[in-house]
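> I would like the atomic coordinates for the input below:
(2 chains)
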Amino acid sequence: MRARNTIVGAAFALLTSGMAHSALAQDIKIGEINSYSLLPAFTEPYRKGWQLAVEEVNAAGGINGKKLVVVSKDDGGKPADAQTAANELVSSEGVAMLAGTFLSNIGLAVSDFANQKKVFFLAAEPLTDAITWSKGNKYTFRLRPSNYMQAAMLVEAAAKLPAKRWATIAPNYEYGQSAVAVFKKLMSEKRPDIQWVDEQWPPQGKIDAGPVVQAVAAANPEAILNVTFGADLVKLVREGNTRGLFKGREVVSFLTGEPEYLDPLKDETPEGWIVTGYPWYSIKTPEHDAFLKAYQAKYNDYPRLGSIVGYQTIKSAAAILAKAGSTDPEKLIAAAEGLSMGSPFGEITFRKIDHQSTLGAFVGKTALKDGKGVMVDSSYKKGADYLPSDAEIEKLRPKD
Amino acid sequence: MAFYVVQFLTGLASAASLFLVASGLSIIFGVTRIVNFAHGAFYMIGAYVAFTLTERLSGAFGFWGSIVLAALAVALIGVIVEMVLLRRIYHAPELFQLLATFGLTLMVEDLVVLIWGPDDLVGRRAPGFKGAIDFFGQNIPSYDLFLIVLGPVVLGILWLLFQRTRWGVLVRAATQDRDMVAALGVNQKWLFTSVFAVGVFLAALGGALQIPRDAVHHAMDLRIIVEVFVVVVIGGLGSIVGAFVAAVLVSELNAFGILIFPKISIILVFLVMAVVLIVRPWGLFGKPEAAARKTPGLTVNPWRPLTSNERLASLAALAIAATLPLFAGNYALTVGSEIAIFVIFAVSLHFLMSVGGLASFGHAAYFGLGAYGIAFLAKMAGLPMIVCLLLGPLLGCLGAAVFGFFAVQLSGVYFAMLTLAFAQIVWSIAFQWVNVTGGDNGILGLWPSSWAASPSHFYWLALGVAALVTIALRAMVFSPFGYALRATRDSVLRSEAIGINAKRIQWTAFVIAGTTAGIGGALFAYLKGSVFPDNLGISLSVDALVMVLLGGVETVSGAVIGAIVYKALNIWLVSQTDLSKLVLGGFIMLIVVVFPKGIVGMLEMLAQRRRKSSPPGSPLLAKPIESAE
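Model (predicted):
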């Protein structure tokens, strides 16, 4: 009796699992990868963002009537693990496309995987210019404004400063190096009179802030470019404040206006830095209001930039899938190229020429309000206005 | 001039923070011989607890009280860890405790995010030390001055503790010769617990004192742990004064180094350590390690080649593994290939560690060099895959030949740390030399040729190479060379007395292990289609150590099982849960307690016991080794 029961049970289990499987086959799956365990400060709001997007997409009828499902994996901050995850998503989960990633080297690893396996990949966060230009490939698209675009936005404001002696502080890895290189190049084009008097390259995550601040101060610059973020930024700001590094000096800083990096500084927020970021409290557009309301209603928390990136990644993916009406990668590429859609920051377009979206960023100044850091005088810079000419991109990007 | 004085003082302040943590590690290692990987975790918990307390308790007393309270609370956690976990495994093979503390570190990294949330936390400034003092137009933060004073004060207190109290005398005696201390009737249990508590207290104090100048976050431990190890080794293990001098040396070299080479911080400590260890093999203030008195546990359970039944069983297991492509999908096959590659990597380290007695903390260097060898050959020279696979590992071989030559001049932890220094130097070259290596963006597009491109073919390739490598290394263990190598491991003096050139034998073993790791790296490059500096990094070296220890360091081929279990579990957990570190860490700690000889080591012991219990075995072998200690 017992044995028979087991057999019946097993058969039933097989049957139901088969049914469950066939039910799932109706869904459209997106495979999502990010550094959840390594960078929770960014990826938690990011996850909330894309979860909200999935909810909205399905509430509005899904993708041409099919339910959208996101299968999410952690890469632990390692390119090799990201590829294992990508492989699992593509081979076992049968996802229609890959999306996500934060770190540039992981973005590149997944992009190379996508190119090899002929899978559509929408890179959410990695900022490296290489992913759309020097190492670009036809399967990879990228949402966030690149290093180049953010540098160009900052240069526009920085070039108006009277300062002629500049120093740079940047984390010693690809992101920091290319941010400084692009900023220097664009800046020197606009202002040939500028001198670069010092550069500091603390290791990412391991800044010994005291000596770095002293060394920069010793070069006596009139203005400073900062590329550090996260815990490094906190240390730099604290040492800089105590030692008076920022007094009487202009500071231009990548990403510092993003709530992820600005909020921890609390009452130590330095005032008057020119930064890129996301002042969610002062954006007054209908698109953003709708997003903000939905986000706050669902999570009872304010959004970070990561929330926007996560939200828009899935929204973009859904728009591409809906337009393609298929999960065939070639059709997805055809659908994505030149596709325009709404976003909390206004309309964006995925460019055909380099697969970069025209999502922009806010540039403004840091200020202290009620013991908290905020961005003031901010204005939205459209991504499309800060990209090099098509002829230049043709030269940068390998032919497919 | 004022600038240089201020820069010097800034360096001293950095040195003070480093010293606090390093001194604790040094004391713990000196007495208990535990390579306490969790020291950084205690530092981090210290900072988190201090953050919470300083936010709750107000006023000057509240702040300073919180700092001390936090350090005491974490010391209490340390006591619990020591009593519950470490006490059970003091008799395990050398370095096994590393595994336990590694598991603990993994768990803590996830736990602090669960408890304190993912955001970076910025604590209060210290009351009375908020501003800066003007020194001829240069600002010195008053908190820096406080730290500069605190460093020598702690050094002084520790010195008094060690020189003027009975406890200190016992600690010093145990540092020099703990077996003798035990023989003289000192209660080692409480000595070890108290030493561990003091060490953890110092780590937590170091962490707590960071909150006025740092952000508290979940990666603080990794940021400091390696650096602290380096400082301890430069100073000489067990030497508090050495740790202080080394901390000052490293911090000052960094403070002034960045004025000339702004990119030097990334590698400076490792360069200093490599130079110091080559010139002074026991660190600045260290003494040569006394020759190990006890013979390794191997003598009880002598190694032997597999019996013909065991051979058949292994072949059968291999044959079953080879049928995987018949029923498994592409993902399972790719994971299988990855596991096979890590078997190669783990087996190569195991050869060096178990047979040669040389535990390398930087074995990933040769794995990564093999991978970069492929990248250079395939991308720059455009050679076909077969040629690349044959030539690529030679880069690992070359690296092992050069670094091995210097490394085998040392032994024990100093050997381990020198290999770590070399690995970090190679890593930073790969990281910095952007024009050739692509920096941290790596080299992409290294996919296998069509004959190996399908997951099943690549799996068979990886499995076949892994089997060949394992068999070859096993054969070597039981060859005359293997016996000579084991002789140098068990007693350098005796082996040299019978005419074995120990250094040359060890060097050869190092090159063999490095080349083998390079073969693994070469396959890995093709599996992933890309190479990153990660492939040379510390975390990969630690992974290899964990696999070997998990399998059982005293076994002939335990690393095979260790690699399969660890890698499969790791991939599965990362895929299933965001708290993979918490679960994996817990699992490792469980294994450590249940299988203190590693998985294979424990199975062998059980088999041994059963064999002996039925017919009365040889009386010489019957006594378990524990009683000898």
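> In chain B, what residue comes closest to chain A?
Proximity to chain A, evaluated over chain B using Cβ to the nearest Cβ, is greatest for residue B:118 at 3.1 Å. To be clear about C-beta, it is placed using only N, CA and C from the backbone, and glycine gets the same treatment.
> give me every residue that touches residue 365.
Assuming you mean chain A. Residue A:365 sits next to A:271, A:272, A:273, A:274, A:275, A:375, A:376, A:377, A:378 when contact means Cβ atoms under 8 Å, 6 or more residues apart in numbering or on different chains.
> let's do chain B instead
Residue B:365 neighbours (Cβ under 8 Å, 6+ apart): B:399, B:403, B:419, B:422, B:423, B:426, B:427, B:514, B:536, B:541.
> quick one on the thing from earlier: for residue A:127, state which of the contacts of residue A:365 is nearest.
Nearest to residue A:127, judged by Cβ to Cβ, of these is residue A:275 at 15.0 Å.
> State whether that closest one is indeed within a helix.
No: using DSSP: H, G, I helix; E, B strand; the rest coil, the assignment for residue A:275 is strand, not a helix.
> residue contacts, the residue of chain B closest to chain A?
Applying Cβ under 8 Å, 6+ apart, the residues contacting residue B:118 are A:40, A:41, A:43, A:44, B:218.
> so the second one touches residue B:217, yeah?
Yes: counting by Cβ atoms under 8 Å, residue A:41 sits close enough to residue B:217 to count as a contact (7.3 Å).
> Return every residue with contacts to both of the two.
Joint contacts of residue A:41 and residue B:217 (Cβ under 8 Å, 6+ apart) are A:230, B:120.
> higher neighbour count, the two?
The neighbour comparison of residue A:41 against residue B:217 (other Cβ atoms under 10 Å in any protein chain shown) goes to residue B:217, with 26 against 23.
> so who does the closest residue in space to the more buried one that isn't next to it in sequence touch?
Nearest residue to residue B:217, sequence neighbours excluded (Cβ to Cβ, 6 or more residues apart in numbering or on different chains): residue B:120, at 4.6 Å. With contact set as Cβ under 8 Å, 6+ apart, residue B:120 has these partners: A:41, A:230, A:231, A:234, A:264, B:215, B:216, B:217.
> What's the separation between residue A:250 and chain B?
For residue A:250, the distance to chain B (Cβ to the nearest Cβ, to the nearest Å) stands at 19 Å.
> ok, the nearest residue to that residue once chain neighbours are set aside to chain B distance?
Nearest in space to residue A:250, with sequence neighbours left out and distances taken as Cβ to Cβ, 6+ apart, is residue A:223 at 4.0 Å. Note on residue A:223: its distance to chain B, by Cβ to the nearest Cβ, is 18 Å.
> Show me what residue A:223 is bridged to.
Residues in a beta bridge with residue A:223, per DSSP bridges, are residue A:166, residue A:250.
> neighbours of it, just the number please.
Residue A:223 has 20 neighbours, counted by other Cβ under 10 Å.
> now do the one 4 residues further on
A total of 25 residues lie near residue A:227 under the criterion other Cβ under 10 Å.
> burial of residue 369, as a residue count?
You didn't pick a chain, so chain A it is. 11.
> my question was about chain B
Neighbour number of residue B:369 under other Cβ under 10 Å is 31.
> Among the contacts of residue B:365, which pair sits farthest apart?
B:427 and B:514, at 15.2 Å, using Cβ to Cβ across those.
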